[in-house]
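Q: Fold the stuff below for me.
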Amino acid sequence: MTVFRSHDALSQGADYDTLAARFRPIFTEIAREAAERERARTLSYDAIDALKQAGFGAMRVPVRDGGACASIAQLAQLLIELAAADSNLPQALRGHFVYKAKIVGDWTINGTEPPFLSQIGNGAERGSKQTS
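A: Predicted coordinates:
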């Protein structure tokens with residue numbers, strides 16, 4: 001029998017303005033340096049690290065596990081804002097968000113809680129290691 005769990009603990013959505021205010025200064029700094037990174041073909045390690053330190057990768061993680069409990073729509077909107085600053089960065093981060101979405105989806109169907117949500121909430125990355 002398939003067990004479907006409620007998403008009550010997962011990503012009901014945060015206040016978008018508060019959430020976005022946390023990342024917009026970083027997006028501004030990323031945008032300031034994006035053209036030079038592109039021209040020089042420099043990888044975005046510093047930008048990824050700044051996003052990681054601010055908890056960008058933990059947006060969809062429940063607050064109880066160190067995340068922001070953002071909804072999928074809020075994540076998508078923030079990725080759009082990030083892409084406006086540097087279109088390479090959402091691409092670089094996609095593996096992390098896709099991996100987490102798949103595992104959380106499996107949890108919802110199978111009823112087993114992923115053991116690493118608090119690790120992601122504390123800054124761990126999952127999925128593609130393009131940015132490590």
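Q: which residues sit in contact with residue 44?
A: 30, 37, 86, 88-89, 92, 131 (C-beta atoms under 8 Å, 6 or more residues apart in numbering). Yep, even glycine has a C-beta here, placed from its N, CA and C like the rest.
Q: in the protein, what secondary structure element scores lowest on mean pLDDT?
A: Across the helices and strands of the chain, mean pLDDT, DSSP states H and E gives its lowest value to helix 117-121, namely a mean of 59.
Q: Could you pull out the helices in this structure for me?
A: Using DSSP state H, the helices of the chain run over 16-40, 45-53, 72-85, 88-110, 117-121.
Q: Of these, flag the one that's most buried.
A: helix 117-121 (a mean of 20; mean count of other C-beta atoms under 10 Å).
Q: measure the closest residue to residue 77 other than its chain neighbours to residue 23 for me?
A: In space, not counting the residues next to it along the chain, residue 77 is nearest to residue 16; the distance is 7.0 Å by C-beta to C-beta, 6 or more residues apart in numbering. Distance of residue 16 to residue 23, given as C-beta to C-beta, to the nearest Å: 11 Å.
Q: same thing with residue 55?
A: Separation of residue 55 from residue 23 (C-beta to C-beta) stands at 9 Å.
Q: and if you look at residue 48?
A: Per C-beta to C-beta, residue 48 is found 13 Å from residue 23.
Q: Can I get stretch 61-71 in CSV, CA atoms only?
A: Extracted in CSV, the C-alpha atoms of stretch 61-71 (Å, rounded to 0.1, in the frame of the first residue of the first chain):
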residue,chain,number,x,y,z
VAL,A,61,13.9,22.6,4.2
PRO,A,62,11.5,22.8,7.1
VAL,A,63,12.4,25.5,9.7
ARG,A,64,12.7,22.7,12.3
ASP,A,65,15.7,21.4,10.3
GLY,A,66,17.4,24.8,9.8
GLY,A,67,15.7,25.8,6.5
ALA,A,68,13.4,28.6,5.5
CYS,A,69,10.3,26.5,4.6
ALA,A,70,9.9,28.2,1.2
SER,A,71,7.3,27.0,-1.2
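Q: Buried residues, that stretch. List them.
A: Neighbour-count burial for stretch 61-71 flags 61-62, 65-71 (criterion: 16 or more other C-beta atoms under 10 Å).
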